[in-house]
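Novice: From the sequence below, what's the structure:
(one chain, ligands or ions: 2)
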Amino acid sequence: MLYSGSRSLTCCNRKSSLTDNDHVKAEEIQTSSARIKPRQLSNGKIAPDLVPKDVSKYAMLIHSASQLLTLTGGPQRGQRLGQLGIIPDGAVMIQDGRILAVGTSKDLRAEYPGEPDIDAGKRVVMPGFVDPHTHLIWVGERAAEFEMRLQGKTYLEILANGGGILSTVRATRSAPIETMLAEARSRVHTMLSYGTTTAEAKTGYGLETESELRMLQALLALKEEGPLDLAITFLGAHAIPPEYQDDPQGYADHLCEEMLPEVLQWWQENAIDQPLPFVDVFCETGAFDLDQSRKILSTAKRLGFPLKIHADEFDNLGGAALAAELEAVSADHLVATSPEDIKILAGSDTVAVALPGTPFGLAEADYTPAKEILEAGGILALASDLNPGTGWCESMQFTIALACRYMSLTPAQAIAAATINAAAAISHSDQVGSLEPGKQGDLLILNVPDYRHLGYRFGTNLVDTVIKKGEILFNNHAHN
Ligand code: NIG
Ligand code: FE
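Specialist: Ligands and ions are numbered 1, 2, ... in the order given. Reported below is the predicted structural model:
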């Protein structure tokens with residue numbers, strides 16, 4: 001089924017964009033059951049009703065990709081970053097939601113004759129983006145704060161005065177779960193339409209047990225609903241809540257002694273068969289210092305949770321080295337990280353997640369030093385950091401464009417960082433992030449002939465078709 005406007009969102013498969021004046025010519029798509037005559041407009045674009053719906057469900061052969069980006073071979077460390085594994089005139093066969101085969105169009109069409117097929121039209125086909133750091137669930141907005149920052153206030157000043165994260169905490173605590181879900185769904189819709197097929201999503205706007213559990217519950221509901229795959233993170237250590245304003249250590253102790261054990265118990269009772277969520281800490285001036293971060297993360301580790309950390313977003317407190325020491329799955333931000341800590345991190349298996357949308361959103365000059373991380377042999381990933389404060393951006397395409405300009409990544413490096421390495425940053429690289437037999441059939445047909453258009457172009461959506469577990473979710477033809 002095409003992902004549509006059932007949640008009062010506008011479906012991308014609108015027919016209203018076609019007018020009687022559009023010149024239409026017939027072109028055939030071969031399917032196993034029928035020859036379908038889709039319409040091609042005079043401007044060369046395909047009518048949005050082109051893709052036969054019955055093709056999408058069980059098996060499909062996507063062929064005639066100008067470049068099929070396979071990203072095979074696992075996460076890419078250091079200077080190996082950017083191996084796209086391109087198959088010219090490539091094809092991919094999907095069955096029952098998983099990739100069955102990858103190869104040239106000629107070989108796969110010979111091997112799977114008569115399968116329903118989709119002509120990629122000599123455009124790029126690649127894995128769906130993985131966004132390994134988002135604050136997907138919140139209520140409200142902070143546009144006034146954006147204006148305050150433009151007028152000279154800093155992000156940490158606004159937080160210290162009870163604004164920033166704490167203003168979103170007030171809005172989120174007081175909202176019904178339905179409101180949380182409705183606002184998050186709208187962002188999920190945007191993420192999917194821009195090609196993100198798997199994402200991480202954090203709590204962190206509750207900062208008290210009950211509200212944090214409500215956020216976890218909302219995240220589980222979103223995950224269950226699909227179609228976006230979610231990796232869930234508990235970020236009870238996102239800020240010092242108003243109740244502990246004068247006693248940050250008291251909140252850190254409360255997190256370790258009460259909240260984390262309660263989260264574990266709640267999860268075991270309510271998220272049966274789901275992997276434990278990550279536990280994350282905002283290790284920063286005005287949030288949690290290094291000792292508090294170490295205590296919270298060590299307690300979480302003892303309880304069995306996998307770890308993440310917001311490290312060195314503004315100040316270098318040593319969070320990156322802590323992540324390596326505690327074998328965190330990822331350390332995120334890394335803008336103010338010292339050269340020594342970069343070496344320590346790069347020598348570990350902890351993925352370094354850069355979020356260029358954050359300095360961009362804050363209009364700051366410093367970005368994650370990607371070159372140094374790669375030279376030191378680190379595993380670099382990219383994420384959006386989607387959140388209402390530092391950067392409200394659902395688009396991994398825009399994240400890639402920023403990484404190319406401000407972190408000096410090539411498009412190939414940025415694409416690998418946004419797919420296979422991003423999957424490693426949430427421990428999902430065995431399932432998603434590349435086009436290899438056995439992995440999920442999550443892929444994108446871009447409306448471009450060459451992968452370098454990612455990064456080169458920005459501000460518009462280059463994704464033409466989104467396929468998730470072998471189902472067509474979006475055809476953006478009408479909008480491209
Ligand atoms: O990653 N810095 C901490 N957390 C987010 C911002 C959250 C917010 O401002 O609401 C970040 O930048
Ligand atoms: Fe964040």
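Novice: For residue 440, give its distance to residue 227.
Specialist: Using CB to CB, to the nearest Å, one obtains 11 Å as the distance from residue 440 to residue 227. For glycine as for every other residue, the C-beta is placed from the backbone atoms N, C-alpha and C.
Novice: higher neighbour count, these two?
Specialist: Shown here are residue 440 and residue 227; by other CB atoms under 10 Å, residue 440 has more neighbours (22 against 15).
Novice: Might one say that that one is in contact with residue 431?
Specialist: Yes - using CB atoms under 8 Å as the test, residue 440 is close enough to residue 431 to be in contact (5.6 Å).
Novice: and the residue of the stretch 351-480 of the chain found nearest ligand 1, which of the three is it?
Specialist: For the stretch 351-480 of the chain and ligand 1, the shortest gap (CB to the nearest ligand atom) falls at residue 389, measuring 2.2 Å. The assignment at residue 389 comes out as coil when based on DSSP: H, G, I helix; E, B strand; the rest coil.
Novice: Residue 106: neighbour count?
Specialist: Quick note: residue 106 (other CB under 10 Å) scores 11 neighbours.
Novice: Test my guess that it contacts residue 90.
Specialist: No - contact status for residue 106 versus residue 90: not in contact, 10.3 Å apart, counting by CB under 8 Å.
Novice: residue contacts, the residue of the stretch 351-480 of the chain closest to ligand 1?
Specialist: With contacts taken as CB atoms under 8 Å, 6 or more residues apart in numbering, residue 389 has the following neighbours: 142, 145, 155, 164-165, 168.
Novice: State the phi and psi torsions of it.
Specialist: The phi and psi torsions at residue 389 (degrees, to the nearest 10) take the values phi -110, psi -70.
Novice: Which pLDDT value does the model give it?
Specialist: Residue 389 carries a pLDDT score of 97 in this model.
Novice: go on, the one 3 residues further on?
Specialist: At residue 392, the predicted lDDT confidence score is 98.
Novice: check contacts around it.
Specialist: Applying CB under 8 Å, 6+ apart, one finds that residue 392 lies in contact with 141, 361, 386.
Novice: how many neighbours does residue 213 have?
Specialist: Counted by other CB under 10 Å, the residues lying close to residue 213 total 20.
Novice: do the same with residue 261
Specialist: Per other CB under 10 Å, the neighbour tally for residue 261 reads 12.
Novice: and the nearest residue to residue 135 once chain neighbours are set aside, how many neighbours?
Specialist: Of all residues beyond its chain neighbours, the one nearest residue 135 is residue 387 (3.7 Å), with distances taken as CB to CB, 6 or more residues apart in numbering. Residue 387 sits with 25 neighbouring residues when counted by other CB under 10 Å.
Novice: which residues of the stretch 301-450 of the chain fall in helices?
Specialist: In the stretch 301-450 of the chain, the helices defined using DSSP state H, counting those that start in this stretch lie at 319-325, 339-346, 357-361, 370-375, 396-406, 411-417, 420-424.
Novice: tell me which residues in the second one are buried?
Specialist: For helix 339-346, the neighbour count (16 or more other CB atoms under 10 Å) marks 341-346 as buried.
Novice: How about the secondary structure of the residue in the stretch 1-150 of the chain positioned nearest to ligand 1?
Specialist: Taking CB to the nearest ligand atom as the measure, the stretch 1-150 of the chain has residue 135 as its residue closest to ligand 1, at 5.5 Å. Here residue 135 is coil, with the state taken from three-state DSSP.
Novice: Tell me the bridge partners for the spatially most central residue of the chain.
Specialist: Nearest to the mean C-alpha position of the chain, by CA atoms, centre = their mean, lies residue 131 at 1.5 Å. Applying DSSP bridges to residue 131 gives these bridge partners: residue 199.
Novice: who's in contact with it?
Specialist: Counting by CB under 8 Å, 6+ apart, residue 131 makes contact with 191, 196, 198-200, 383-384, 386, 396, 399, 418, 422.
Novice: about what we covered before: out of the contacts of residue 392, who's the most crowded?
Specialist: Going by other CB under 10 Å, residue 386 tops these with 28 neighbours.
Novice: who touches the nearest residue to that residue once chain neighbours are set aside in this structure?
Specialist: Counting by CB to CB, 6+ apart, residue 386 lies nearest to residue 134, which is 4.1 Å off, once chain neighbours are set aside. Residues touching residue 134, when contacts are defined by CB under 8 Å, 6+ apart, comprise 199-202, 383-387.
Novice: any idea how far residue 256 lies from ligand 1?
Specialist: Residue 256 sits 20 Å away from ligand 1, taking CB to the nearest ligand atom, to the nearest Å as the criterion.
Novice: Just say helix, strand or coil for that residue.
Specialist: helix.
Novice: tally of neighbours for it?
Specialist: Close neighbours of residue 256, defined as other CB under 10 Å, add up to 20.
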